[in-house]
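>>> turn this into a model:
(one chain, ligands or ions: 1)
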Amino acid sequence: MLFNTLISGEKMNTEKLSNRLEAVTKYIPMGTRVADIGSDHAYLPCYAVKKGIVPFAIAGEVVEGPYQSAKKQVEIEGLENQISVRKGNGLEVIKLGEVDCITIAGMGGTLIATILEEGKNKLDTVQRLILQPNLSAVSIRNWLLKHGWELIAEEILEEDGKIYEILAAEKGEPLKPYKNADQGLLMGPFLMEEKSIVFRDKWLGELKNWERILMQLEKAAQTEETEKRKQELRQKIKMVEEVLNQ
Ligand code: SAM
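Residues are numbered from 1 along each chain as shown. Here you go, the predicted structure:
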């Protein structure tokens, strides 16, 4: 069987996704029409259609190479009637009302938030967003909160030495899941409740990193800028330690 290597040595094909992408597909409601934005080889939509999770999917790609890979994969699988491969930036590949669910995986949280922001006029008829940032999930939670999307589930997992978060959201009461908005936005309200081993590992790693930066800043020339940065870091360290020690 032919495997392709994507993020951090992941090996997958349309029969067997990485644990990361398989976890994303768990949140796709059965029978919905889905758009996978930044689809690369279109493994996720091919898998979702072949497993009977969705009857129709759009694979969106902005870069020519991955767009061609996605087209080729869909042709190899003979899924051209169920998967439409489209080239374009973010949500511009979708027409209003065409899909019920959107997945965006394997990018930074800031880029995912930008894609949602730039395409927000396409989201009126979308029921669910499933977002898998590699970094900065906080940017996505901030965007969801600001735009009336309620987090309904979160997952954190480790694969090949990297830690990934998955966020599922629906339109609703965006503040509902948060007991403490500051900590919740940074660490994830569901993940904070669960406090899994992976979650602890992630935040212990962040704490170590922030402490190291703080020590370097202590040694640097003290300007208004370094003072501000130190204040921010101390605040974040306090927030995270509080959650880990609860
Ligand atoms: N979603 C797949 C996964 O999780 O394995 C592929 C992730 S890959 C690292 C990110 C993909 O997103 C790349 O193929 C890139 O070309 C695409 N991409 C980045 N920005 C995009 C945008 N604004 N619109 C559509 N695709 C984008």
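
>>> grab the most central residue of this protein for me.
Note on the chain: the residue nearest the mean C-alpha position is Gln132, at 1.8 Å, using CA atoms, centre = their mean.

>>> if I read this right, that residue contacts Glu22, doesn't it?
No - contact status for Gln132 versus Glu22: not in contact, 11.1 Å apart, counting by CB atoms under 8 Å. Using the backbone N, CA and C atoms, a C-beta is placed for each residue, glycine as well.

>>> mind giving me the domain split of this structure?
Domain assignment for the chain, taken from automatic domain parsing, gives 5-185, 199-245.

>>> to the ligand, which of the ones you listed lies closest?
The ligand lies closest, by CB to the nearest ligand atom, to one member of those: domain 5-185, at 2.6 Å.

>>> do that closest one and the ligand meet at all?
Yes - Domain 5-185 is in contact with the ligand by CB under 6 Å from any ligand atom, via 6-7, 21, 37-40, 60-63, 66, 89-90, 105-107, 111, 115.

>>> show me the strands in the chain, by range?
All strands of the chain, identified by DSSP state E, fall at 4-5, 11-12, 33-37, 56-61, 83-87, 101-107, 128-133, 149-159, 162-171.

>>> make a markdown table out of those strands and add mean pLDDT.
Compiled in a markdown table, those are given as follows (pLDDT from 0 to 100):
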| stretch | mean pLDDT |
| --- | --- |
| strand 4-5 | 48 |
| strand 11-12 | 72 |
| strand 33-37 | 98 |
| strand 56-61 | 98 |
| strand 83-87 | 98 |
| strand 101-107 | 98 |
| strand 128-133 | 98 |
| strand 149-159 | 98 |
| strand 162-171 | 97 |
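
>>> who's in contact with Ile104?
Asp36, Ile37, Gly38, Ile112, Ile115, Leu116, Leu129, Ile130, Leu131, Gln132 (CB atoms under 8 Å, 6 or more residues apart in numbering).

>>> what sits closest to the fifth one if chain neighbours are left out?
Among residues not flanking Ile115 along the chain, Gly90 sits closest, at 3.9 Å (CB to CB, 6 or more residues apart in numbering).

>>> quick one: contacts for the one you found?
Gly90 sits next to Ile37, Gly60, Val62, Thr114, Ile115, Glu118, Gly119 when contact means CB under 8 Å, 6+ apart.

>>> now the helices for the chain?
For the chain, helices defined by DSSP state H occupy the ranges 19-25, 43-50, 64-77, 109-118, 137-146, 181-187, 189-194, 197-219, 224-245.
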